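A.B. asks: what follows is a predicted structure for the sequence shown.
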Amino acid sequence: MPGNTPQDIAALRKSYERAELDEAASHANPLQQFERWLREAMAAAVPEPNAMTLATVGEDRRPSTRVVLLKGFDARGIVWYTNYQSRKGRELAASPFAALQFHWVELERVVRIEGRVEPVSEAESDAYFASRPLDSRLGAWASPQSEVIASRTVLVTNAARFAARYALNPPRPPYWGGYRLVPDRWEFWQGRKSRLHDRLRYRPAEAGGNAWLRERLAP
């Protein structure tokens, strides 16, 4: 009947009791806090700990999300790779700001990151592309990402065509490469009992500076 939900979704409940997050135990620098949590997610064998939701906004001002994979991070920012002509690429060209979210369900943790987005260097994109498996490199040529296609046969045919053209050494497509999000907001969320979750937000103490303000937000 209309209005019914599978397995009574509205009644689903979970009590978060695995850990806590307080100011004394967290790093003053959000990048170090992120590295600690990422290492703990990897050590806990969380499925795809580098999977992150990427949110962008198009010229029509409609937000869109998709899951991409973290492929690097340092003091400069957070890096992933994709097709520049995809929907996300077009939206980033129109509005070079984005938000990222990691959700490590097993650890009852979320990390949210916001900031400006810029392409990585050609050299960085070339180096990462060369490190990918052959099938993935051919796939970058075969897929007109985000475009309407008649069937999966289009992809298979394209992959075969580019395999015949490039054999074992496909170059990086000119429309494919990396993006780097330069954070100006971080939030670390740790689930707690009774929905009284811990939320710590970091924002720059001053424009262009290296110091961060750490603030507790109400859940």
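C.D. replies: The structure has been received and is ready for your questions. Residues are numbered from 1 along each chain as shown.
A.B. asks: strands of this structure, start to end?
C.D. replies: 51-57, 63-69, 72-74, 77-83, 97-104, 109-119, 176-190, 198-204, 212-216 (DSSP state E).
A.B. asks: any idea how far I113 is from the closest residue to E118 other than its chain neighbours?
C.D. replies: In this structure, E118 finds its nearest non-sequential neighbour in R180, 5.6 Å apart by Cβ to Cβ, 6 or more residues apart in numbering. To be clear about C-beta, it is placed using only N, CA and C from the backbone, and glycine gets the same treatment. Distance check for R180 against I113: by Cβ to Cβ, to the nearest Å, it reads 12 Å.
A.B. asks: what do you get for N210?
C.D. replies: Distance from N210 to I113, by Cβ to Cβ: 17 Å.
A.B. asks: more crowded one of the two?
C.D. replies: I113 (24 against 9; other Cβ atoms under 10 Å).
A.B. asks: dump the residue contacts of that one.
C.D. replies: 34, 78, 99-101, 181, 183, 185-187 (Cβ atoms under 8 Å, 6 or more residues apart in numbering).
A.B. asks: now it, nearest residue through space, not along the chain?
C.D. replies: I113's closest residue in space is L100 (Cβ to Cβ, 6+ apart), at 4.4 Å.
A.B. asks: wait, what's in contact with the nearest residue to D22 once chain neighbours are set aside?
C.D. replies: Closest residue to D22 apart from its sequence neighbours, by Cβ to Cβ, 6+ apart: D198 at 6.9 Å. Taking Cβ under 8 Å, 6+ apart, we find D198 in contact with 20-22, 188-190, 192, 216, 219.
A.B. asks: out of those, which are buried?
C.D. replies: Those of those that meet the buried threshold are 21, 188-190, 192, by 16 or more other Cβ atoms under 10 Å.
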